[in-house]
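>>> Sequence below, structure please.
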Amino acid sequence: MRIVIIGFRGQLGNDIAESFGSDGDNEVLEISGPDIAQPGDTTCDITDRDQLFDTVRPFGPDRIFNCAAFTQVDACENDADSAFMVNVVGVVNIADLAKECESELIHFSTDYVFNGKKDEPYTEDDAPDPLNIYGASKLAGELALKRRLQKHFLFRVSGLYGVAGSLSKGDNFVETMIRLGKEKGSVRVVADQRLAPTFTADLAEKVIEVADTGKYGLYHLAASGDCSWFEFAKEIFSLTGMEVDCGPQSTAESGRKANRPPYSVLSSKKLDELGIKPIRHWREGLADYLKRKGHI
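Residues are numbered from 1 along each chain as shown. All right, here's what the predicted structure looks like:
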């Protein structure tokens, strides 16, 4: 199979690339964004339609993973134009490319398409109602994809962290907590937002497993269980043995520009229909991540 991974320098893209690294049956084209590219990388701006087609079309892909997105939630509030360019126009370009190449497309969206008014996990049948520009742009990208390409998998995901870190955000939540804990010895973390933080290595494994079924459509995919960001931080410090004064704060006290849903836990029960086991509990994923990074 000929596979293209767009955004492979990110947390999720890196782990998807790692999943194919030792598989001699596949030929993989890894593409990074111009802003985070390393020397020798194949680069492409997904908002530049001609550049995208010229870069990917000669490769003749069977499957395209789009891991590129504008994911800085607060920055999206200040730059809606860029958010919609990347998260909508970029998606349209990739969908049209996939259609021309007769390739299937695996695309990723977010739990932030929901308003958080539920008190039980969101299913694929729940109506989206985003509270911020980021969520609105990702939802618009979803709708554009559905209109333009039948052969697609659309995965809504939640609270991602991975070994590669998030270059666009300046690392991930886990590393930020460890750094702040070491530097300050005291942190305050939002306690009124619940989610299912997900290790991208776990996510990549399940994404490929679902894609291999050929059952196109929308899927919610996140770690089992749920927690607040505060509870997640407490577990990070507990597992690493760090003595940090970790206290709760409200979303309002955090002073973040963008509104966030108070509850955005995703139900992955649709996996049952495919005979696929859910992603392991977030605590297990976190412990594995910390071991791989050498923190424990």
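>>> From here on, just use CA atoms for contacts and neighbour counts.
Fine.
>>> May I ask which helix or strand encompasses the residue lying farthest from the centre of the chain?
Here the chain reaches farthest from its C-alpha mean at Glu243, the gap being 30.0 Å by CA atoms, centre = their mean. Using DSSP states H and E, Glu243 is not contained in any helix or strand.
>>> That one: what's it in contact with?
If you count contacts by CA atoms under 8 Å, 6 or more residues apart in numbering, Glu243 has them with 185, 237.
>>> what pLDDT does it get?
Here the pLDDT value assigned to Glu243 is 96.
>>> All the strands of the stretch 1-150 of the chain, in order from the start?
Along the stretch 1-150 of the chain, counting by DSSP state E, counting those that start in this stretch, strands occupy 2-6, 27-32, 42-43, 63-66, 104-110.
>>> what's the burial count for Arg256?
Neighbourhood size, Arg256 [other CA atoms under 10 Å]: 11.
>>> Could you find the closest non-adjacent residue to it?
Spatial nearest neighbour of Arg256, excluding adjacent residues (CA to CA, 6 or more residues apart in numbering): Asp74 at 6.9 Å.
>>> Repeat that for Ala140.
Spatial nearest neighbour of Ala140, excluding adjacent residues (CA to CA, 6+ apart): Val88 at 6.1 Å.
>>> Check the gap between the residue nearest to Arg256 and Glu18 for me.
For Asp74, the distance to Glu18 equals 30 Å [CA to CA, to the nearest Å].
>>> Likewise for Ser186?
35 Å.
>>> now Asp212
Counting by CA to CA - Asp212 and Glu18 are separated by 17 Å.
>>> can you give me the angle the helix or strand of the chain with the lowest mean pLDDT makes with strand 104-110?
In the chain, the helix or strand scored least confidently by mean pLDDT, DSSP states H and E is helix 11-20, which has a mean of 92. Helix 11-20 and strand 104-110 are oriented at 140 degrees to each other (axes from the mean of the first three to the mean of the last three CA atoms, to 10 degrees).
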